[in-house]
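Peer 1: Fold the following for me, if possible:
(chains A and B)
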Amino acid sequence: MIRVMGVDKTFLPGTPDARPLLRDFNLSIGSGEFVILLGANGAGKSTLFHLLAGTESVDRGQIWLDGLDVTARTEPQRAQWISRVFQDPRQGSAAALTLEENLALALRRGLPRRLKGFHHALSRAVATVKELGMGLESRLQDPMQLFSGGQRQAVTLLMATALRPKILLLDEHTAALDPHAEATILALTERTIAAQGLTALMITHNLSHALRYGTRLIMLRGGKIALDIRGEEKKALRLEELYAKFGAEERT
Amino acid sequence: MNLYAYTSAIELGLIFSLVGIGVFFTFRILDFPDLTVDGSFPLGAAVSAVLVHGGCNPWLALLVSLAAGSTAGLCTAWLHTRLRVVHLLASIVTMTALYSVNLRIMGRPNLALLEEETIFSWASRILSLSQSSVILCVSGSIVACVLMLAWWFLRTELGLALRASGNNPIMARAMGVSTHGMIWLGLGISNGLAAFAGGLYAQAQGSADVGMGIGTVVAGLAAVIIGEAVLPTRRIGWMLVRVCAGSILYRVAMAFALSLDTGSAWYSVRSSDLNLVTAGLVVLFLAVSQRKKRGRP
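Peer 2: The predicted structure is shown next:
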């Protein structure tokens, strides 16, 4: 599904502050995999997300999605295949637009925006809002800025999956939430990924979440893959082991 | 203050409410402070005046004004999105260039329309109305049409994308909306409207002047801000209506201030003071709305 081949990315290239973020980076992710990305700050997790989503372009190398070379595609062009949930709940929806309008916007992700009223396909999205069980379906006319962080993140997740994406990128999407909201959003995330059979990548700093969720675990360090385990091996991994590995990676 | 002063204030308010809607599109919806309208308003006036003077159909002249204004807006959009010129500066550059362009179009600093057929003289013949009431009727109908169109547009998928791209560009791009494309679209619409208003103004006043653009943005902004102060709403349709209300209120208040005769040359308001008064008014309303915002949790 995703193939990252020989990618180089340098921070502030051509300046005295230039710092390599990724060097000859290779990664292959199969369809339906739910990959947990671990790593200290500056390990390259966010850079990898930016390169996949197209917010930043590679210095060298290629990125393929589902048999298609998307290296030269812009961020809005890639939106038809890739959807994202951000760490900051305020980033995922337009604050001044109503819940309904945000949903309508998501129903045309990566598709041409037509001169046609936005209400026509909305009922499908409203049904998914109802399924959340948060009572948001009665607040369709409220602007998003009136919603709590957890509610906004739930809506962002609905918006990201309103049209099935080929890849779902979750960038520490529960890090800004209180523990209760975090549990709700993680459960919703797992349910949605399973229901739609999505290929997903999730960045987290929470090691127990890293063990509990996902089918594959990748740890980055200094722009390289330091650990890559999946399946039974991942299931067998215990928190102390992972903690030791994480720590060991940090110390070396 | 007599009835004539009131009607002409309302006429002005109606015509400038189109500028207000244009300014609403850029400043409020797109979050792009665009000063190009100071140049595209007289551009529209110049184009309409020259065409009407040359015997062109006055409605067609208005459409050409609209197209010319949109093109001016696209120039600013091009400067900003392609050459990465800061938005404010990009619009100032276009505005400055337009001053020369407008002089070229007119061939002289001002142009009077005397016997030529305008949409107003045409309508007063058809509807057999007096010149002053026909300006009210025709401008009022045009403003109503523009309001309906804008209201419809902002509720389409494309209009929604425009609003999202101004409100949260990060999210808009992630949803596949080209924010640069939306800047082109928004500036095109906004300056098209301003130039259309300029053409309308030239036909209503029977003249175009190269200096008539000064203060257009601030007048448009005044309409937006006064509207926001008098009619709080979250509905996009009402937001458009209140721009028109703000524009009319603003012109009536100005006419009222001008009519106050204190008998002293210094303490009475002269028409040349209007830009200062408007600027003061905009600052006042901005300060009040900022204070309200800070008061909120």
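Peer 1: Quick check: pLDDT value at the residue in chain B that chain A sits nearest to.
Peer 2: Across chain B, no residue is closer to chain A than B:Gly176, which sits at 3.1 Å (Cβ to the nearest Cβ). For glycine as for every other residue, the C-beta is placed from the backbone atoms N, C-alpha and C. pLDDT for B:Gly176: 96.
Peer 1: Also A:Lys234?
Peer 2: 89.
Peer 1: what helices or strands is the helix or strand hosting B:Val143 leaning on?
Peer 2: For B:Val143, the host element (DSSP states H and E) is helix B:131-154. Packing partners of helix B:131-154 (3 or more Cβ pairs under 8 Å, 6 or more residues apart in numbering or on different chains; DSSP states H and E): helix B:3-23, helix B:119-127, helix B:157-167, helix B:179-205, helix B:236-259.
Peer 1: Can you get me a residue count around the residue in the stretch 101-250 of chain A positioned nearest to chain B?
Peer 2: As assessed by Cβ to the nearest Cβ, chain B sits closest to A:Gly110 within the stretch 101-250 of chain A, at 3.8 Å. Close neighbours of A:Gly110, defined as other Cβ atoms under 10 Å in any protein chain shown, add up to 18.
Peer 1: Identify the spatial nearest neighbour of it, chain neighbours not counted.
Peer 2: A:Gln80 (2.6 Å; Cβ to Cβ, 6 or more residues apart in numbering or on different chains).
Peer 1: same deal with B:Leu258?
Peer 2: Using Cβ to Cβ, 6+ apart, the nearest residue to B:Leu258 is B:Val269, at 5.5 Å.
Peer 1: Pretty sure the one you found sits against B:Thr278.
Peer 2: No - with contact defined as Cβ atoms under 8 Å, B:Val269 does not reach B:Thr278; the gap is 11.5 Å.
Peer 1: model confidence over stretch A:144-160, on average?
Peer 2: Stretch A:144-160 comes out at a mean pLDDT of 96.
Peer 1: And stretch A:94-103, by the same measure?
Peer 2: Per-residue scores along stretch A:94-103 average to 95.
Peer 1: just to revisit the earlier point, tell me which of the helices and strands packed on helix B:131-154 lies nearest to A:Glu75.
Peer 2: Of all the helices and strands packed on helix B:131-154, helix B:179-205 sits nearest to A:Glu75, with 9.6 Å by Cβ to Cβ.
Peer 1: Run through who's touching the following helix or strand past the closest one.
Peer 2: Later in the chain than helix B:179-205, the nearest helix or strand by DSSP H and E is strand B:207-209. The contact list for strand B:207-209, computed with Cβ atoms under 8 Å, 6 or more residues apart in numbering or on different chains, reads B:42, B:45-46, B:48-50, B:106, B:109-113, B:198, B:202.
Peer 1: what comes up buried for the helix or strand just after strand B:207-209?
Peer 2: Using DSSP H and E, the next helix or strand after strand B:207-209 towards the C-terminus is helix B:216-230. Residues B:216-229 are the ones in helix B:216-230 that count as buried (16 or more other Cβ atoms under 10 Å in any protein chain shown).
Peer 1: Point out where the stretch 101-250 of chain A drops to low pLDDT.
Peer 2: Filtered on pLDDT under 70, the stretch 101-250 of chain A yields the residue ranges A:248-250.
Peer 1: near chain B, which residues of it?
Peer 2: A:101-102, A:104-106, A:108-111, A:113-118, A:143, A:159 (Cβ under 8 Å from any Cβ of the partner chain).
Peer 1: hang on, A:Ile63 is in a strand, isn't it?
Peer 2: Yes - the assignment for A:Ile63 is a strand, going by DSSP: H, G, I helix; E, B strand; the rest coil.
Peer 1: hang on, the earlier thing: buried subset of the contacts of strand B:207-209 as a PyMOL selection?
Peer 2: Buried residues within these, by 16+ other Cβ under 10 Å, are selected in PyMOL with:
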select buried, chain B and resi 42+45+46+48+49+50+106+111+113+198+202
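Peer 1: and the nearest residue to A:Ile63 once chain neighbours are set aside, how many neighbours does it have?
Peer 2: Spatially, and ignoring its direct neighbours in sequence, A:Ile63 is nearest to A:Thr71 (5.0 Å; Cβ to Cβ, 6+ apart). Other residues lying near A:Thr71 total 18 when counted by other Cβ under 10 Å.
Peer 1: go on, B:Leu88?
Peer 2: 13.
Peer 1: secondary structure element for A:Thr47?
Peer 2: Going by DSSP H and E, A:Thr47 is in helix A:45-53.
Peer 1: name the helices or strands packed onto that helix?
Peer 2: strand A:2-11, strand A:19-29, strand A:34-38, strand A:82-85, strand A:167-171, strand A:199-203.
Peer 1: The ones you listed: which one's closest to B:Asn168?
Peer 2: Of the helices and strands packed on helix A:45-53, nearest to B:Asn168 by Cβ to Cβ is strand A:82-85, at 12.9 Å.
Peer 1: which neighbours does that closest one have in its sheet, and in what orientation?
Peer 2: Within its sheet, strand A:82-85 is paired with strand A:167-171 (parallel), according to DSSP bridges.
Peer 1: so what secondary structure elements neighbour the helix or strand just after the strand it pairs with?
Peer 2: The helix or strand immediately downstream of strand A:167-171 is helix A:179-196, counting by DSSP H and E. Helix A:179-196 sits against helix A:149-161, with contacts defined as 3+ Cβ pairs under 8 Å, 6+ apart.
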